[in-house]
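Engineer: Following is a predicted model, sequence given first.
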Amino acid sequence: MEKISLMEAGSYLLGIESDAIISKAAMDDFIIEERAGESPLLSLASLLDQESAPALTRSDSFIMEVKTSAEPLTLVVDSLLGEIDPPDRFESLPLLYPELAADCCPQIMIHDGQPVLILDGNGLDSARSRLKNGCGEISLETSLDHSPDKAGSKTSRQPGAALDDKTFKSVVCWTIEKYLAGDSDENGALSVRALPSRTQGVSDELLQRLIDKTLRRCTTTRNETLRRMKNKNIGATA
Amino acid sequence: MKQNNQTEKLVAVRVRQEKMAGDNRLFFLFTAGQVEEVLPEITVQPVPFAPSFLQGIASWRGRLLPVIDLEQCLGMDAVGRGGKERYLIIRTGAPGNRAGERLLRCILQVSEEIRPMDVSDDMSHTNASGVDQSLLKGAYQWKEDSYIIPDLLSILQTQQSAVACQ
């Protein structure tokens, strides 16, 4: 084991072998660029607490894709704390703890005087299968649509339909195109009402949030990169 | 508790629970040789999927020890909490007590009312109602107070006992 990546998820201080991490991204970047594919997002804190994941309220969360012997797990954690060297030796959880805990965290180490539970991706995957259905799972719509309507808001609220992949990519493309053309308003904003077409059932609020997040990303990304992202998404929706 | 008319050094820890009838108080009882240290605070790292009496795990002198809420483990009510707490670093027995006896350690989250005792008079056996008897070594009455001796080795040694404590 070369390095261990430290992270916080809820009340847990955890580590994982850095080589087991396929990719990492901030939540906002993940939603705009990466987006969950077939595998669901898993709130690590909710999974370990054996709870259903709440609506994701922290836009400063991080996404981590972790290897397993089967499909990778896409985990949502609260913060990434950097990498540390592994200790000379690891400890095991005392026998007192349940098998489920030992499967997920077969090793523990001490770092700066604090115990750090070392995650095992396969053990975590196994635990997820054994727990109640959907434990810890987050829907992408939930992660985007977590702000309540404010009084006086002009956006309409329709019954929420899932944000399908095609709609997601077409909205991102359109937003990038408008940004590159300088078509935003005096405040640099784009309204959902300007969208050429809307998928039936998907709420305006959800679409507006996606537009806003994409615009924020545009302001910190080079135009050349934005053009590449746009072309990539156009290809995917063709 | 009396051994050859000699005084045994003991440590009594007030049980965190509702007040008992009258002026009677309930204490956990340990030998002084079992108690290694008393700490006002410690960083407890929760462990997922653990039963509620297992508060988590903590580091003490380079060792990782389970942190146990003893009242919860023994099936006592959680009422009466809210006061200050202490963390007792405790062994299942005193070194040298019995040849070959395995000594395990744990951390007990307890009340701040901890006091030494010298017991030279006989204590009388009593029943400890509302407590999981399978995890006790004994229960005694001395003067107006009751004392229970938890069987820490049984509590720490097997997962089965972890299930029984829920």
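Structural biologist: Good, I have the coordinates.

Engineer: When you work out contacts or count neighbours from here on, use the C-alpha atoms and nothing else.
Structural biologist: Will do.

Engineer: Roughly how far does the most centrally placed residue in chain A sit from A:Lys169?
Structural biologist: A centroid search over chain A (CA atoms, centre = their mean) returns A:Ile63, at 4.2 Å, as the residue closest to the centre. Relative to A:Lys169, A:Ile63 is positioned 19 Å away (CA to CA, to the nearest Å).

Engineer: any idea what sits nearest the residue nearest to the centre of chain A, other than its immediate chain neighbours?
Structural biologist: Spatial nearest neighbour of A:Ile63, chain neighbours left out: A:Val76 (4.7 Å); criterion: CA to CA, 6 or more residues apart in numbering or on different chains.

Engineer: For burial, what's the neighbour tally of that neighbour?
Structural biologist: 26 (other CA atoms under 10 Å in any protein chain shown).

Engineer: Can you tell me the SS state at it?
Structural biologist: strand (DSSP: H, G, I helix; E, B strand; the rest coil).

Engineer: Model confidence at the residue nearest to the centre of chain A, what's the number?
Structural biologist: Looking at A:Ile63, its pLDDT stands at 88.

Engineer: quick one, what contacts it?
Structural biologist: A:Ile63 makes contacts with A:Lys24, A:Ala25, A:Ala26, A:Met27, A:Phe30, A:Thr74, A:Leu75, A:Val76, A:Val77, as judged by CA atoms under 8 Å, 6 or more residues apart in numbering or on different chains.

Engineer: How about the second one, nearest residue that isn't a chain neighbour?
Structural biologist: For A:Ala25, ignoring the flanking residues on the chain, the nearest one in space by CA to CA, 6+ apart is A:Ile63 at 5.3 Å.

Engineer: so where does the one you found fall, helix or strand?
Structural biologist: strand A:62-66 (DSSP states H and E).

Engineer: Can I get the contacts of A:Ile63 in TSV including pLDDT?
Structural biologist: Formatted as TSV, the contacts of A:Ile63 follow (pLDDT from 0 to 100):
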residue	pLDDT
A:Lys24	87
A:Ala25	82
A:Ala26	79
A:Met27	72
A:Phe30	62
A:Thr74	88
A:Leu75	91
A:Val76	90
A:Val77	92
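
Engineer: out of those, who's nearest chain B?
Structural biologist: A:Val77 (15.0 Å; CA to the nearest CA).

Engineer: Could you list which residues are in contact with the closest one?
Structural biologist: Counting by CA under 8 Å, 6+ apart, A:Val77 has contacts A:Met7, A:Glu8, A:Ala9, A:Gly10, A:Ser43, A:Leu44, A:Ala45, A:Ser61, A:Phe62, A:Ile63, A:Met64.

Engineer: Which two of the residues you listed have the greatest separation?
Structural biologist: Spatial extent of the contacts of A:Val77 (CA to CA) is set by the pair A:Gly10 and A:Met64 at 15.2 Å.

Engineer: Settle it for me: which of the two has more neighbours?
Structural biologist: Between A:Gly10 and A:Met64, counted using other CA under 10 Å, A:Met64 has the larger neighbour count: 23 against 15.

Engineer: Any stretches of chain B with poor pLDDT?
Structural biologist: B:1-7, B:18-23, B:78-82, B:96-102, B:120-121, B:158-166 (pLDDT under 70).

Engineer: What parts of it come near chain A?
Structural biologist: Proximity of chain B to chain A is confined to B:43, B:45-50, B:57-59, B:62, B:64-66, B:156-159, B:161-162 under the rule CA under 8 Å from any CA of the partner chain.

Engineer: Next secondary structure after the lowest-mean-pLDDT helix or strand in chain A?
Structural biologist: The helix or strand with the lowest mean pLDDT-type score in chain A, counting by mean pLDDT, DSSP states H and E, is helix A:140-144 (a mean of 50). With elements assigned by DSSP H and E, the helix or strand that comes after helix A:140-144 is helix A:165-181.

Engineer: Now the helix or strand that that following helix is followed by: average pLDDT?
Structural biologist: Per DSSP H and E, helix A:165-181 leads on to helix A:204-219 as the next helix or strand towards the C-terminus. Helix A:204-219 shows an average pLDDT of 81 in the prediction.

Engineer: Quick one: list the elements packing against helix A:204-219.
Structural biologist: helix A:140-144, helix A:165-181 (3 or more CA pairs under 8 Å, 6 or more residues apart in numbering or on different chains; DSSP states H and E).

Engineer: and it, which residues are buried?
Structural biologist: Within helix A:204-219, the residues scored as buried using 16 or more other CA atoms under 10 Å in any protein chain shown are A:204-215, A:217-218.
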